[in-house]
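J.: Predicted structure and sequence below. I'll ask about it afterward.
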Amino acid sequence: MTTTFFLIRHAAHDHVGCYLAGRLEGVRLDEAGQAQALQLARRMAREPLAAIFSSPRERALETAKPIAIACEVEKIAICKELDEIDFGEWSGKTFEELNGDASWRLWNDQRQSARTPSGETMLDVQHRIVGLMDALRENGQGQCIGLVSHADVIKAAVCAILGLQLGDCFRFDIAPASVTTVVHGDWGSKLIRLNELP
């Protein structure tokens, strides 16, 4: 038996691409992001979702709610394994500011080993998302499950599935409000679709 995972990146917020939101509180979907979330809900309504798990960040929950309504999933489970990378003191800084920080440049040049100011590595992120998927597969044989998360968390999962080094995460995109579909079974995992936009 297999489990189908839909790895869903949250929709756009006010300043996506302008500053590093990280785990800042109060980062919510903007008007365009709300429209994306509704489009995403219409797309996901075609899938027989048995459950939806979401990052605790507001932007992820605001993306998950319309999907839950469209798919008639009663409850969204908040899951820390889907949370954004803990960027610590980098959170809230513009990318222009960050580009002047040697530790930020190291993070981007050596994703496999570099740490954020909080101490988290991409390998830590990969372990938490892949561990969650393994655990959900054990309990969700034959089910379709939605996981609403963040770009780098989804990239970490995709790198594991494709056997890529974590530094290869820059070789593909995970756009806001995109869906990446993975089938997971006893034999391993298979990427079905990457970065599908509704």
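T.: The structure has been received and is ready for your questions.
J.: burial count for Glu25?
T.: 8 (other CB atoms under 10 Å). Glycine gets a C-beta too; all of them are placed from N, C-alpha and C.
J.: which SS state does it fall under?
T.: coil (DSSP: H, G, I helix; E, B strand; the rest coil).
J.: Per-residue pLDDT of the nearest residue to it once chain neighbours are set aside, please?
T.: Using CB to CB, 6 or more residues apart in numbering and skipping residues adjacent in sequence, the residue nearest Glu25 is Glu58, 7.5 Å away. We have a pLDDT of 97 for Glu58.
J.: Ok, Ala70 next?
T.: Per-residue confidence at Ala70 stands at 98 (pLDDT).
J.: Quick check: Gln36 is in a strand.
T.: No. According to three-state DSSP, Gln36 belongs to no strand; its state is helix.
J.: So which elements touch the longest helix anywhere in the chain?
T.: If you go by DSSP state H, the chain has its longest helix at helix 122-139. The contact analysis (3 or more CB pairs under 8 Å, 6 or more residues apart in numbering; DSSP states H and E) places helix 122-139 against strand 3-9, strand 49-54, strand 144-149, helix 151-162, strand 179-185.
J.: Could you spell out the sheet neighbours of the longest strand seen in the chain, each with its direction?
T.: If each strand of the chain is counted by residues according to DSSP state E, the longest one is strand 188-196. According to DSSP bridges, strand 188-196 forms sheet pairs with strand 179-185 (antiparallel).
J.: who does the helix or strand harbouring Ala60 touch, helix- and strand-wise?
T.: For Ala60, the element it lies in under DSSP states H and E is helix 58-71. Other helices and strands packing on helix 58-71, by 3+ CB pairs under 8 Å, 6+ apart, are strand 3-9, helix 31-44, strand 49-54, strand 76-78, strand 144-149.
J.: what would these look like in JSON lines with mean neighbour count?
T.: JSON lines is the format used below for the helices and strands packed on helix 58-71 (neighbours: other CB atoms under 10 Å):
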{"stretch": "strand 3-9", "mean neighbour count": "25"}
{"stretch": "helix 31-44", "mean neighbour count": "18"}
{"stretch": "strand 49-54", "mean neighbour count": "20"}
{"stretch": "strand 76-78", "mean neighbour count": "16"}
{"stretch": "strand 144-149", "mean neighbour count": "26"}
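J.: pretty sure the residue nearest to Glu25 contacts Arg23?
T.: No. Using CB atoms under 8 Å, Glu58 makes no contact with Arg23, being 10.7 Å away.
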